[in-house]
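Asker: got a predicted structure here, sequence first:
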Amino acid sequence: MFKHVFNTMQDILQDIIIHYPHANDTERQRLDEQLAKLKQFSDQFIEEWLQFEEKMADFRDMQQQFGYGPAAGESQPAGASPKETAYPKIISAVPQAAQQAAGPAVAGVGLAGADDEEWEASAAFHRSMSKGQGYFKLLMFREAASHFEEAVDRSPENNQARLFLGMTFMHLQEWHDAQRHFQLLVEITEHPRWRALGLNALGCIQAVRMNLEQAAVYFEKAHQADPNFTDPLANMQSCAQHAGQLSLYFGSGQL
């Protein structure tokens, strides 16, 4: 699930390595800031991973203490296999149809022409999404926006790509572009959470413009679209109680 993040981190680091020796002072400062973000993310990931491994080790000790599970070094019985968990697919995964298209020809039918073009278009879309998500996770929203824009250009009907692009514009405070994408999203999506995210974002844009009554309408619609999404209620309360400053939740933590 973190593959697209680390692939992007590798790309960024390689770019820093290439350009750093020849950069001027301003450019070197920008590269130093990017490197600091990479280091911060890497350190945080390692810390969380070590804590997880420590808990896993404690649990294995408990299993052995109570006689549950295989002992240390004990293999599983022949024919046994670990239980598989059906995790949801991430956007960076290539669709099954595209994977099949990459395989050998069936019954003498080649993969030339339209099939090749379709596969290339699908692969290019997923590369753009994967890179965009990597930059988004690293809070490098300007870079993320360029890749999400590529994804939307390649597949305008893909609501998830439009959702990510709109949310990226929210973090860049480019309200007009964000509003344009979210207005289209809420009109065409049938996904309750995505519709709620779009309506909530539109409410935040109105709140930023101090159109608080219109913002409240959007927040209410967002809550109705998905009552389990709590950010709209928090935003409504912030608008009702504001004293010159608003605390707004865009909902990007849901992505």
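Answerer: Now that the structure is in, tell me what you want to look at. Remember, it's a predicted structure, so these values are computed and weren't measured experimentally. Residues are numbered from 1 along each chain as shown.
Asker: is the residue nearest to residue 42 when sequence neighbours are not counted within a helix or a strand, and which one?
Answerer: Of all residues not flanking residue 42 in the chain, residue 9 sits nearest, at 7.5 Å (Cβ to Cβ, 6 or more residues apart in numbering). Yep, even glycine has a C-beta here, placed from its N, CA and C like the rest. Using DSSP states H and E, residue 9 sits in helix 3-19.
Asker: now swap in residue 44 and tell me
Answerer: Judged by DSSP H and E, residue 44 forms part of helix 25-65.
Asker: helices or strands up against that helix?
Answerer: Using 3 or more Cβ pairs under 8 Å, 6 or more residues apart in numbering; DSSP states H and E, the elements in contact with helix 25-65 are helix 3-19.
Asker: next structured bit after the worst-scoring helix or strand of the chain on mean pLDDT?
Answerer: Lowest on mean pLDDT, DSSP states H and E among the helices and strands of the chain sits helix 96-101, with a mean of 41. Heading C-terminal from helix 96-101, the first helix or strand you meet, by DSSP H and E, is helix 114-137.
Asker: please enumerate the helices of the stretch 151-255 of the chain.
Answerer: 159-171, 175-188, 192-208, 212-225, 231-241 (DSSP state H, counting those that start in this stretch).
Asker: which stretch among those helices comes nearest residue 43?
Answerer: helix 159-171 (22.6 Å; Cβ to Cβ).
Asker: alpha carbons only: can I get the closest one in PDB?
Answerer: Output of helix 159-171 as PDB, limited to C-alpha atoms (Å, rounded to 0.1, in the frame of the first residue of the first chain):
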ATOM      1  CA  ASN A 159     -14.100  10.500 -10.500                       C
ATOM      2  CA  GLN A 160     -11.300   9.400  -8.100                       C
ATOM      3  CA  ALA A 161      -8.700  11.300 -10.200                       C
ATOM      4  CA  ARG A 162     -10.900  14.400 -10.200                       C
ATOM      5  CA  LEU A 163     -11.400  14.100  -6.400                       C
ATOM      6  CA  PHE A 164      -7.700  14.000  -5.700                       C
ATOM      7  CA  LEU A 165      -7.100  16.900  -8.100                       C
ATOM      8  CA  GLY A 166      -9.800  19.000  -6.400                       C
ATOM      9  CA  MET A 167      -8.400  18.200  -3.000                       C
ATOM     10  CA  THR A 168      -4.900  19.100  -4.100                       C
ATOM     11  CA  PHE A 169      -6.200  22.500  -5.300                       C
ATOM     12  CA  MET A 170      -7.800  23.000  -1.800                       C
ATOM     13  CA  HIS A 171      -4.400  22.600  -0.100                       C
END
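Asker: before I go, just wanted to say thanks for your time.
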